[in-house]
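Chemist: For reference, the sequence and a predicted model appear below.
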Amino acid sequence: MHFLLFGFLILPAIATANTDACYGSNVILAPSADHRPVPWGTPSIHFSLNGIPTTCCDSIEEIRTALDDIDDEILGLLNRRAAYVREATRFKSTRESVNVPSRNEAVLKRAEQQAVDIGVPVTIVRATIGAILNSSVPFEQCIVSNLGVLIRFEADSPV
Ligand SMILES: *[C@@H]1O[C@H](CO)[C@@H](O)[C@H](O)[C@H]1NC(C)=O
């Protein structure tokens, strides 16, 4: 299920005013207003399904289905990204040269700025892009070190 999202950020004015504080890098908690009747407000996701303007969501199940679809897309993107991370090892001669903190810092800064520009919650972008960068280092080091084993193994193998 792939939707063309549009007007994704057109939230009801009241919801926007109350929830802006959740889009920064440090989320600000307001006094608890728990135990409100649900669902509150009106559906806020607007997209085009086969050219027909559609609104979501009427149930938590609908939301979970959409989240599962999005997670599948993220996994596909992570697969592509990991392939390029692996490719980067071709340009690195030692395991120690894999991690380039200044590059990671620049990638994170750029993502945070884009998050602000696009309106993606910065707190989510910082945590996820940071985790992607941090977890890519041991992956890349693993490729480099096992490649070393493979090359030595091939060199040592009797013909
Ligand atoms: C990534 O690693 C850096 C350096 O160790 C650390 O400061 C940062 O908190 C980590 N980020 C995440 C999201 O784990």
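Modeler: On my side now, so go ahead. These numbers were taken from a predicted model, which means no experiment stands behind them.
Chemist: now check the helix or strand hosting residue 137, is it near the ligand?
Modeler: Element membership for residue 137, per DSSP states H and E: helix 122-156. Yes - Helix 122-156 is in contact with the ligand by C-beta under 6 Å from any ligand atom, via 127, 130, 131, 134. Any C-beta I mention is one placed from the backbone N, CA and C, and that applies to glycine too.
Chemist: Tabulate these (TSV), appending pLDDT and neighbour count.
Modeler: Converted to TSV, these look like this (pLDDT from 0 to 100; neighbours: other C-beta atoms under 10 Å):
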residue	pLDDT	neighbour count
127	97	12
130	98	15
131	98	10
134	97	12
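Chemist: tell me which of those residues is nearest to residue 110?
Modeler: Taking C-beta to C-beta as the measure, residue 130 is the one of the residues of helix 122-156 next to the ligand closest to residue 110, at 12.6 Å.
Chemist: in terms of contact, does the closest one touch residue 108 like I think?
Modeler: Yes - assessed by C-beta atoms under 8 Å, residue 130 is found in contact with residue 108 at 6.0 Å.
Chemist: which residues in this protein form helices?
Modeler: For the chain, the helices defined by DSSP state H cover 13-19, 60-88, 101-118, 122-156.
Chemist: The second one relative to helix 122-156, how many degrees between them?
Modeler: Think helix 60-88. 40 degrees (axes from the mean of the first three to the mean of the last three C-alpha atoms, to 10 degrees).
Chemist: Give the buried residues for helix 60-88.
Modeler: Judged by neighbour count using 16 or more other C-beta atoms under 10 Å, the buried positions of helix 60-88 are 66, 82, 85, 86.
Chemist: if you skip the residues just before and after it, what's nearest to the third one?
Modeler: For residue 85, ignoring the flanking residues on the chain, the nearest one in space by C-beta to C-beta, 6 or more residues apart in numbering is residue 136 at 4.8 Å.
Chemist: same thing with the second one?
Modeler: Among residues not flanking residue 82 along the chain, residue 139 sits closest, at 6.7 Å (C-beta to C-beta, 6+ apart).
Chemist: State the distance from the one you found to the ligand.
Modeler: Distance, residue 139 to the ligand, using C-beta to the nearest ligand atom, to the nearest Å: 14 Å.
Chemist: what do you get for residue 92?
Modeler: Relative to the ligand, residue 92 is positioned 19 Å away (C-beta to the nearest ligand atom).
Chemist: next one: residue 86
Modeler: From residue 86 across to the ligand, the span is 20 Å (C-beta to the nearest ligand atom).
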